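> Got a sequence here, can you model it:
(one chain, ligands or ions: 1)
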Amino acid sequence: MSQRLPPRPCIGSHNLTTRPVINHVVGLSQDKAINETYEAILKKLKLDPEEKKLARNILSEVHKADTGVKWADIAGLTEAKDLLFEAIVLPSIIPNYFDKLRRPWKGVLLVGPPGTGKTMLAKAAATETSSNFFNITSSTLTSKWYGDSEKLIRLLFLLAKELAPSIIFFDEIDSMCSHRVTSTDVTRPTNFPWDLDEAFRRRLEKRIYVPIPDLTTRVSLLTIFLQNERLDGDVKLNDLAQQLDGYSSADITIVCRDAAFMNLRRYLTRNPTANIRDIPDRELDKPISKVDFEAAIKNCPKTVRPEDAQKFTEWIRLYGSK
Ligand code: ADP
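The predicted structure follows:
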């Protein structure tokens, strides 16, 4: 029995019948293959020259055939992953089930402070559903290269449909609302959900919280970020995770990177006139120590204020999906 695809797109356009062409192009260099695919699509859509130019920009700058992010790359966020799995992945696996009352959600809103993994989740959902990924930000919409934002959105949806299954990710949708982009139907992560107007909020039927990482998640993040690094015996990930209370996941990556630079910094403090190219490898290649992490934590303050994190928690208590 051939599977009928569900009638409405949610975050991915699972109802659309054209499979991505890019996956089937073999034996050409990736760039050439992609360009040829793009040109074939543009020809098929019968766009005027101005639209063609715009569409080319979208395809080369906003679109990714493969985001390279997998669920396993994302620490914690089990609830968000489960909700996304039901809202996006399941309809792509058993589309017949997602019919009538069970039609897929029109839009999914990922809500949380910056740097907590919203973009990663959307990208992983694209990988999981073998979808094309379109990442659109407010700066793309306002860029002079793209001109009229209404036209841009129309073309974006047209291309996403043509390359279906597709996921369109609107980053910081709250700032886009002020640019009157109102005709969208897909995923919108946002930093400030309270700025979304009522009508918009209603269309985003699933609202998923992506919080600041808790202790267990912080340990997982450290495990992921430091998996290929040599650590001194005095580094205890659990203790380190305790010290990073209130840090976003992105903040934690920065602390780890900063700690990894400490050997070089210390060497240059001791040897201010050293010729950088002549620093012996053994000086640079030392394991990262507890002291390095402590210095890094001092260098890299958390970027989300507790009172701001609290506002998200309150908003999601009122409007969040379970
Ligand atoms: P947001 O979209 O919420 O602002 P991102 O998904 O862009 O945040 O995350 C920024 C960076 O922080 C990622 O590229 C990744 O390095 C790291 N990161 C954020 N959240 C996670 C997570 N849950 N697991 C692993 N890395 C994360």
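> what ranges do the helices span in the stretch 1-150 of the chain?
Assigned by DSSP state H, counting those that start in this stretch, the stretch 1-150 of the chain shows helices spanning 30-45, 49-57, 78-84, 90-93, 118-128, 138-142, 149-162.
> the inter-axis angle of the one helix or strand I254 maps to versus helix 118-128?
Taking DSSP states H and E as the definition, one finds I254 inside helix 249-260. Angle, helix 249-260 to helix 118-128, by axes from the mean of the first three to the mean of the last three Cα atoms, to 10 degrees: 100 degrees.
> If you count neighbours, what's buried in whichever helix or strand comes after helix 249-260?
Next along the chain after helix 249-260, taking DSSP H and E as the criterion, comes helix 262-270. Buried residues in helix 262-270, counted by 16 or more other Cβ atoms under 10 Å: 262-263, 267. Every C-beta, even on glycine, is put in place using the N, C-alpha and C of the backbone.
> and the residue of the stretch 201-322 of the chain found nearest the ligand, how many residues sit next to it?
Proximity of the stretch 201-322 of the chain to the ligand (Cβ to the nearest ligand atom) peaks at S249, 3.1 Å away. By other Cβ atoms under 10 Å, 26 other residues sit near S249.
> so it sits right up against D73, yeah?
No - in this structure S249 lies outside contact range of D73 using Cβ atoms under 8 Å: 11.3 Å.
> coming back round to it: what sits against the residue of the stretch 201-322 of the chain closest to the ligand?
Each residue near S249 by Cβ atoms under 8 Å, 6 or more residues apart in numbering is listed here: 75, 115-117, 213, 217, 221.
> restrict the residues you listed to those near the ligand?
75, 115-117, 221 (Cβ under 6 Å from any ligand atom).
> any chance you could map the helices in the stretch 201-322 of the chain?
Along the stretch 201-322 of the chain, counting by DSSP H, counting those that start in this stretch, helices occupy 215-225, 237-243, 249-260, 262-270, 281-284, 290-299, 306-319.
> quick revisit: for the helix holding I254, the distance to its chain's centre please.
Here helix 249-260 shows a centroid-to-chain-centroid distance of 18 Å under the convention Cα atoms, centre = their mean, to the nearest Å.
> and the angle for that helix with helix 290-299?
Using the same axes, to 10 degrees: helix 249-260 against helix 290-299 is 130 degrees.
> Quick check: mean pLDDT of helix 249-260?
For helix 249-260, mean pLDDT rounds to 97.
> CA atoms of that helix as PDB?
C-alpha atoms of helix 249-260 as PDB (Å, rounded to 0.1, in the frame of the first residue of the first chain):
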ATOM      1  CA  SER A 249      25.200  25.300  27.000                       C
ATOM      2  CA  ALA A 250      26.900  27.700  24.700                       C
ATOM      3  CA  ASP A 251      28.600  29.400  27.700                       C
ATOM      4  CA  ILE A 252      30.000  26.100  28.800                       C
ATOM      5  CA  THR A 253      31.600  25.500  25.400                       C
ATOM      6  CA  ILE A 254      33.300  28.800  25.800                       C
ATOM      7  CA  VAL A 255      34.600  28.000  29.200                       C
ATOM      8  CA  CYS A 256      36.000  24.700  27.900                       C
ATOM      9  CA  ARG A 257      37.700  26.400  25.000                       C
ATOM     10  CA  ASP A 258      39.100  29.100  27.200                       C
ATOM     11  CA  ALA A 259      40.500  26.500  29.600                       C
ATOM     12  CA  ALA A 260      42.200  24.800  26.700                       C
END
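> Buried ones in that helix, by neighbour count?
Quick answer for helix 249-260 (16+ other Cβ under 10 Å): 249-256, 258-260.
> picking up where we left off before, let me have the buried residues of helix 262-270 in a markdown table, adding distance to the ligand as columns.
Shown next, in a markdown table, are the buried residues of helix 262-270 (distance: Cβ to the nearest ligand atom, whole Å):
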| residue | distance to the ligand |
| --- | --- |
| M262 | 20 |
| N263 | 22 |
| Y267 | 27 |
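> how about the residues of the stretch 51-200 of the chain near the ligand?
74-77, 112, 114-120, 189.
> go again using 5 Å as the cut-off
Counting by Cβ under 5 Å from any ligand atom, the positions of the stretch 51-200 of the chain adjacent to the ligand are 74-75, 114-120.
> which one in this protein is furthest away from the centre?
In the chain, the residue that sits farthest from the middle, by Cα atoms, centre = their mean, is T273; the gap is 42.7 Å.
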